[in-house]
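Sharing a model prediction with you, sequence too.
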Amino acid sequence: MVQLSPVQEDSSMHATLLSIKRTFLWLFRLIVAVMLLVFVIVLFQQVINYLTYDLDGPSTPVIALLARLGFEESLGRAVYWYVLQIVFSLLLIKLVIRKKFTDIGFNLQNGRLSRRLLLWFFPGFLLAAAMSWYGLYALLGLEAITGGVEARSVSYMVKDIAIFGLLPGPGEEPLFRVFVIQFLIMVVFKGKEVLLRWEKAVLIVVSSILFMAGHVFVLSFAPLQLKYDVLQLVISFSLGVFYAFSYLYTKSLVVPIVCHNYTDLVVRAGSYLLLGLA
């Protein structure tokens, strides 16, 4: 058995204490970053909801203009909500992250890997959606699948499917993939350019939890009232993991945006199709 000298023991103890200190500081930065991001996401949500859905807010002329362009009120407000989210997300990224947009995902890099991920995701999600619908129908009935839509005119349904097939990706991915992940890199990992696997895993899990939290709507603060759907939260987290993974490994928003649009398109169109068949 090798016996350490007093100097070696002191050096080993110092290294252990230093490692513990670094770990605690890292956890502290992570907790602070998550708390700040939750605050930003909730504030973001409240501001956009007020601007879009508050009947006493400033949305009236915008909704009237969209109505003249052929968008029913509910569709007009959906379009306006996504446009506001795109604009506010880009402003937030510009003000806080302070990097070139092309360096943080607004590019067409790694096209080969992106195509492979898309070719895997498209049939995979369609199969998962079909299996989930079958299970929900067997357990809870058709309402559990089509609860978000109702019978409308063909014109309305086409516009509704088009909106949810084109805008969710550009509306949500800059915020939850670019801003959230880049903010975590900046605060938790001190702006590292090259991340280790475990660091990417932390970013994927934490950003997916925040993406899931973004689907919890605060109705009032005092008393605290929340609106959420457990199934939607589980799906949001699961998809968030894939979106974050594809963003970090392709260094591009192409896959997250396309896949996000695709999932919403499948769910919306599928709900109308099942409602029509019923």
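Nice, I can see it.

what ranges of the stretch 151-278 of the chain fall below the confidence cut-off?
Residue ranges of the stretch 151-278 of the chain with pLDDT under 70: 278.

ditto for the stretch 1-150 of the chain
1-11, 13-14.

where do the strands sit along it?
Along the stretch 1-150 of the chain, no segments are classed as strands by DSSP state E, counting those that start in this stretch.

Which parts of it are helices?
For the stretch 1-150 of the chain, applying DSSP state H, counting those that start in this stretch gives helices covering 6-53, 60-68, 73-92, 111-140, 143-146.

and the helix or strand just after the shortest one, what other elements does it pack with?
Read that as helix 143-146. Going down the chain from helix 143-146, the next helix or strand is helix 154-166, by DSSP states H and E. Packed against helix 154-166 by the contact rule (3 or more CB pairs under 8 Å, 6 or more residues apart in numbering; DSSP states H and E) you find helix 73-92, helix 254-277. For glycine as for every other residue, the C-beta is placed from the backbone atoms N, C-alpha and C.

Okay, buried residues for the last one please.
Of the residues in helix 254-277, 254-272, 275 count as buried by neighbour count, 16 or more other CB atoms under 10 Å.

could I get the helices and strands packed on helix 154-166 as TSV with distance to Phe101?
Below are these laid out as TSV (distance: least, CB to CB, whole Å):
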stretch	distance to Phe101
helix 73-92	8
helix 254-277	14
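
Distance from stretch 27-37 to the middle of the chain?
Chain-centre distance of stretch 27-37: 18 Å, with CA atoms, centre = their mean, to the nearest Å.

Of all the residues in it, which ones are buried?
So stretch 27-37, judged by 16+ other CB under 10 Å, has buried residues Leu30, Ala33, Val34, Leu37.

Identify, from those, the entry nearest to Trp198.
Closest approach between those and Trp198, by CB to CB: Leu30, at 12.9 Å.

Am I right that the closest one is in contact with Val188?
Yes: the criterion here is CB atoms under 8 Å, and Leu30 meets it with Val188 at 5.0 Å.
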